[in-house]
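1. Predicted coordinates and the sequence they were generated for:
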Amino acid sequence: MNLFHLPPALRNRRFTTFWAGVVISNIGSQMQVTALLWHLRLLNNNPIAVSGIGIARFIPILLFAPIGGLAADTHDRRKIILITQSTMTLVATTLGILTITGVIQLWHIYLLTGIQATALAFDVPARQSMPPNLVEKKDLTSALSIQSVGFNTGSILGPALSGLVIAYLGMQYVYFINAVSFFAVLIALAAIGPVQQKIHKVNRGIRESFTAILDGFRFVVHQPIIFSSMILDFFASFFSSANTLMPFVARDILHVDEVGYGWLSAAQSIGAVIMGFFISQRTNLRRQGLLLLWAVFLFGFFTAVFGLTRSFPAAFISLIVVGAGDDVSTILRNTIRQIHTPDQVRGRTVSLTFIFFQGGPQLGEIEAGLVAQAFGIPAAIISGGLGCILVVVWVALRVPQLRKYDEPESRSIAVL
């Protein structure tokens with residue numbers, strides 16, 4: 001019996017083309033994320049420096065993600081992605097020029113990070129709303145699993161390549177490589193052509209637009225399964241600060257160089273790719289709610305284990321398990337959201353999810369920097385893992401609907 005087969009979503013040419021472009025772009029993006037944190041460590045040896053990055057990312061996401069979600073429902077998602085990817089190309093190019101000329105300072109990194117976060121606030125709702133427009137509903141879980149595999153493959157190769165490029169070529173080349181990588185998405189969008197979607201019609205007045213944004217928020221709040229999974233993700237990611245403090249762990253605790261730092265940054269994604277590929281081979285997973293809770297529990301538990309480690313191999317293995325748990329959580333949350341969300345409100349739902357998904361880590365970066373500065377790096381990581389576990393227990397007790405959630409993936413998508 002053949003245990004592995006081509007995932008159904010990859011039999012769809014348009015989805016595969018779009019997916020491949022996003023994977024290539026994500027490799028460059030993950031290279032830049034890894035390089036930025038290392039760059040911060042070189043410019044400032046205080047852990048509180050990561051708090052600035054958290055603020056620079058969180059404020060634009062909080063302000064613009066709801067607008068980005070509305071734009072994804074009321075405008076051509078493909079055109080939005082073309083604009084946002086082009087903007088992020090300019091940001092990466094600017095980082096490279098500032099670095100190679102030797103004039104880059106912390107405020108440059110914070111400002112350009114804020115501009116990129118603004119572009120992402122429009123890019124993510126449009127991009128993550130695309131798979132249901134490209135594949136049949138029966139292949140949606142496969143598409144989301146493959147999307148997760150692609151993201152995490154980039155998250156393996158990106159940090160690993162980033163460490164090598166920083167060590168042997170220089171920081172600026174990471175930024176230039178990322179700038180070039182965005183062209184993969186632009187080329188893919190040109191290749192797949194127009195994408196059919198249900199566009200939500202609203203008048204262009206401020207009041208009507210605000211009402212449309214509130215409609216998306218009301219939809220999410222009145223879906224307890226979706227809302228509780230978003231709350232779970234927000235607080236779990238808020239308390240888990242392993243990646244944020246990775247440059248300080250690598251340099252000051254494990255005493256490894258840029259290459260070792262790159263592999264540590266890739267470890268979570270190695271676990272995520274392994275788990276994502278396994279799930280992509282499955283159909284009709286059951287007891288999704290309980291599985292989601294256990295996945296986040298393991299995520300928090302092995303984050304705390306990572307905070308206790310003092311050896312590279314133990315840290316690496318712990319992070320692999322952290323990534324596997326995170327990937328199961330991500331796939332299940334996305335599947336639940338996509339199944340229960342109609343296309344005309346999907347962009348706004350994704351934008352709110354994005355606020356929770358990104359807001360948690362960015363606020364967590366602020367918290368992690370402050371705690372690490374006050375009590376030390378291990379204390380920040382260990383307490384974060386334990387906090388994540390407490391959140392899982394709280395959500396499991398407060399939202400029994402999530403704990404008992406068990407629906408076939410073929411369930412009809414909800415309509416407003």
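-> In hand now; what should we look at?

2. drop to CA atoms for contacts and neighbour counts, all remaining ones
-> Noted.

3. what about the stretch 1-150 of the chain, any weak spots by pLDDT?
-> Along the stretch 1-150 of the chain, the model assigns pLDDT under 70 to residues 1-5.

4. can you map out the helices along it?
-> Assigned by DSSP state H, counting those that start in this stretch, the helices in the stretch 1-150 of the chain fall at 13-43, 49-74, 77-100, 106-128, 131-134, 140-168.

5. And the longest one, what's buried?
-> Going by neighbour count (16 or more other C-alpha atoms under 10 Å), the buried part of helix 13-43 is 14-41.

6. Would you list the phi and psi of Glu136?
-> With angles defined as degrees, to the nearest 10, Glu136 sits at phi -70, psi 160.

7. Please disregard the earlier target; I meant Ile104.
-> Main-chain torsions, Ile104, degrees, to the nearest 10: phi -70, psi 140.

8. again, but for Gly193
-> Torsion angles, degrees, to the nearest 10, at Gly193: phi 70, psi -170.

9. and the end-to-end length of stretch 101-111?
-> This stretch, stretch 101-111, spans 18 Å end to end (C-alpha to C-alpha, to the nearest Å).

10. For Ile320, give its distance to Ile166.
-> Relative to Ile166, and taking C-alpha to C-alpha, Ile320 is found at 23 Å.

11. ok, these two, which is more surrounded?
-> More crowded of Ile320 and Ile166, by other C-alpha atoms under 10 Å: Ile320, with 23 against 20.

12. host element of the more buried one?
-> If you go by DSSP states H and E, Ile320 is part of helix 312-339.

13. Which strands and helices lie in contact with that helix?
-> helix 140-168, helix 224-239, helix 258-280, helix 288-308 (3 or more C-alpha pairs under 8 Å, 6 or more residues apart in numbering; DSSP states H and E).

14. 6 Å - rerun?
-> For helix 312-339, the packing partners by 3 or more C-alpha pairs under 6 Å, 6 or more residues apart in numbering; DSSP states H and E come out as helix 258-280, helix 288-308.

15. Which of the ones you listed comes out lowest on mean pLDDT?
-> Note on those: helix 258-280 shows the lowest mean pLDDT, a mean of 83.

16. Please list all residues in contact with Asn26.
-> With contact taken as C-alpha atoms under 6 Å, 6 or more residues apart in numbering, Asn26 is in contact with Gly154.

17. quick one on the thing from earlier: can I get the helices and strands packed on helix 312-339 in JSON lines including distance to Pro60 and mean neighbour count?
-> Shown next, in JSON lines, are the helices and strands packed on helix 312-339 (distance: least, C-alpha to C-alpha, whole Å; neighbours: other C-alpha atoms under 10 Å):
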{"stretch": "helix 258-280", "distance to Pro60": "25", "mean neighbour count": "24"}
{"stretch": "helix 288-308", "distance to Pro60": "27", "mean neighbour count": "23"}
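
18. between those, which one is nearest to Thr330?
-> The closest of these to Thr330 is helix 288-308. By C-alpha to C-alpha, the value is 8.6 Å.

19. Need phi/psi at Val256.
-> Main-chain torsions, Val256, degrees, to the nearest 10: phi -110, psi 160.
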